[in-house]
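1. can't give you the sequence, but here's the structure:
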C-alpha cells in the first residue's frame, strides 16, 4: 500500500529575521537622530522624520520576517518550501525552542538545525491565524505518527535516550498545558538586542561632547553677533527709555530662539545656533528689536511692525498676579504661581499729528493703568523707541512731554521717572 503524502500551508515567523529587523530599525533611527543633531536641524523635523522612518522600518521588518511555508510529509522525509528536504534519518533530536510562545519544534539534524514557530498571543503585534496554528499542530501529530512507524522498522541499538518520535510525543502532550508563557522572554530577548545595538551610540560621553560643541559654537557665534550689533547701532542709531524703574535697561538685539520645548540639555543651543548662523549669513537684513530688561531681570521684546515711526510701551507689576481663566472664584491655593501683570503695546505714528491723542487712545483703560503707578509702588511703566524708527532725541523728548501730561492728569509724580539711552 503506497503512502499518500499530506501537505500543509501556513505563514511562519522567522525569529532570526525579527532579531535582525529590530537591530536594523534601531540603526535607522540612530542614523537619523545623530546627524540631525550634529547638523543643527530643527528638533521637530528630526523627531518627525525619525518617527516616520521608525514606523516604516517596523512595517517593513514585519513584512520581511513573515514567510509562507509549505510542508509535505512523506513516509521517510519532510519537504519544506523554506528548508528543503529533511530525511527522518538525519533527525538526531527534537526539542521545543526556548523562545516559543505557541506550537513550535526544533529539529536537530546531523548538520545544523531547523525550527518552526507559531505566534498566537493577544499581546503579539502580529500573530498567526487560528487556521495556521491548527494546520501546524496537525502536521506535528502526523509527523509524530510517521516517525513512530519509521523507528519501528529500524534496529534498536541499545541507546536508552528518547527517540525523536518519543520526544515529539512529549512535546505534543505538554503543549496542551502551555498557553504562551514565554512571550515575555521573547520580548526581553529582542529588547536586549536593541539595547546592545544602541549602546555604542548612546554612551554619555558622546552626548557630553556634542553638548559642549553646541555650547562652544553658540558662544563663538554670539560674540560675532555682538560685534555686528555694535556696528549696526553706530550706523542706525540707538534707542531711548523713559521709566520709573531705575534699575531697568534696554538692549538692541536681533531675535534669537532660546526655547527648548523638550527640556533636553543636548538641544539647549540648537535653535539659537540656527538663528545665529542665519544672522551672520545675511547681516544686512538683520532687524534689531528693543528688549526691555526690568530691575528684577524680567525681559520683554518690543516687536516692530512696518511703521516708520513707533513708540513702545510696557507695564509691569511683579507683585500683582493675574488669576487664569477657569480658576474657581476664591481659590488662592496656587496664587503665587499665577502669571504676573506684564503687558506691552505699541503706537504707530506714521499718520499721527496729535501725539497726545494717539497715546490717550493707544489702549483701553490707559488712565486706570497710569493711576496704578501712584497707587502701587511695585507698578512700573516703560516707554521706549529707537532712532531708526523715527524716535531721535527731539522726537523722544516730545513723547516724554506728552506722556508726562497724561501722568499729571492721573496725579502721578513724574519726578520718579528717568531717561536712559543706548
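-> Received, thanks. From a predicted model like this one, the values you see are computed outputs, not experimental measurements. Numbering: from 1, shown residues only.

2. quick one, helices of the stretch 201-350 of the chain?
-> 204-236, 270-281 (DSSP state H, counting those that start in this stretch).

3. which other residues reach the last one?
-> What that stands for is helix 270-281. 37, 40, 42-43, 214, 217-218, 221-222, 224-225, 228, 254-260, 286 (Cβ atoms under 8 Å, 6 or more residues apart in numbering). C-beta coordinates here come from the backbone N, C-alpha and C atoms, glycine included.

4. before we move on, what about stretch 385-392?
-> 236-240, 252, 288, 290, 304, 307-312, 349, 395-396, 399.

5. Filter those residues down to the ones in strands?
-> 239, 240, 252, 290, 310, 311, 312 (DSSP state E).

6. wait, what's in contact with the nearest residue to the last one once chain neighbours are set aside?
-> Meaning residue 312. The spatially closest residue to residue 312, leaving aside those adjacent along the chain, is residue 302, at 4.0 Å (Cβ to Cβ, 6 or more residues apart in numbering). Residue 302 makes contacts with 289, 290, 291, 292, 312, 314, 344, 346, 384, as judged by Cβ under 8 Å, 6+ apart.

7. Tell me the strands beside whichever strand or helix holds the last one, with direction?
-> This points to residue 384. Element membership for residue 384 (DSSP states H and E) is strand 380-386. Strands that pair with strand 380-386, judged by DSSP bridges, come out as strand 239-243 (antiparallel), strand 310-321 (antiparallel).

8. Just give the number of residues close to residue 407.
-> Using other Cβ atoms under 10 Å, the number of residues around residue 407 comes to 21.

9. could you point out which element follows whatever helix or strand it lives in?
-> Assigned by DSSP H and E, residue 407 belongs to helix 393-409. Using DSSP H and E, the helix or strand that follows helix 393-409 in sequence is strand 418-421.

10. got the contact list for that following strand?
-> By Cβ under 8 Å, 6+ apart, strand 418-421 touches 238-244, 246, 248-250, 393, 400.

11. neighbours around residue 242, how many?
-> Count around residue 242 with other Cβ under 10 Å applied: 22.

12. can you pull the contacts of it?
-> With Cβ under 8 Å, 6+ apart, residue 242 has these contacts: 382, 383, 384, 396, 399, 400, 403, 417, 418, 419.

13. Just give me the neighbour total for the closest residue to residue 291 other than its chain neighbours.
-> Leaving aside its sequence neighbours, residue 291 sits nearest to residue 251 (Cβ to Cβ, 6+ apart; 4.7 Å). By other Cβ under 10 Å, 14 other residues sit near residue 251.

14. Likewise for residue 282?
-> 8.

15. Got phi/psi on it?
-> Note on residue 282: backbone dihedrals following degrees, to the nearest 10 are phi -130, psi 70.

16. which residues touch it?
-> Residue 282 neighbours (Cβ under 8 Å, 6+ apart): none.

17. sorry, back to before: for ChimeraX, what selects the buried ones among the contacts of helix 270-281?
-> Restricted to buried positions by 16 or more other Cβ atoms under 10 Å, the ChimeraX selection for these reads:
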select :37,40,43,214,217,218,221,225,228,254,256,260,286
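
18. show me where pLDDT drops low in this structure?
-> Scanning the chain for pLDDT under 70 picks out the ranges 1-3, 99-101, 121-125, 154-160, 175-207, 259-267, 306-307, 331-332, 350-353.

19. From the recorded domain assignment, give the ranges for it.
-> 6-198, 210-326+333-421 (automatic domain parsing).

20. which of the ones in strands among the contacts of stretch 385-392 has the most neighbours?
-> residue 311 (29 neighbours).

21. got the contact list for that residue?
-> Residue 311 neighbours (Cβ under 8 Å, 6+ apart): 346, 347, 349, 359, 383, 384, 385, 391, 399.

22. Could I get the contacting residues of the fifth one?
-> It refers to residue 383. So, once contact is read as Cβ under 8 Å, 6+ apart, residue 383 ends up touching 241, 242, 243, 311, 312, 313, 399, 400, 403.

23. Relative to residue 314, how far out is it?
-> 8 Å (Cβ to Cβ, to the nearest Å).

24. cool, and the fourth one?
-> Counting by Cβ to Cβ, the gap from residue 359 to residue 314 is 14 Å.

25. List of residues touching stretch 349-365?
-> 307-311, 313, 345, 347, 366, 369, 390, 398-399, 402-403, 405-406.

26. Would you list the buried entries among these?
-> 307, 310, 311, 313, 347, 366, 369, 390, 399, 402, 403, 406.

27. Endpoints of stretch 415-422, how far apart?
-> Stretch 415-422 has its terminal residues 21 Å apart, counting by Cα to Cα, to the nearest Å.
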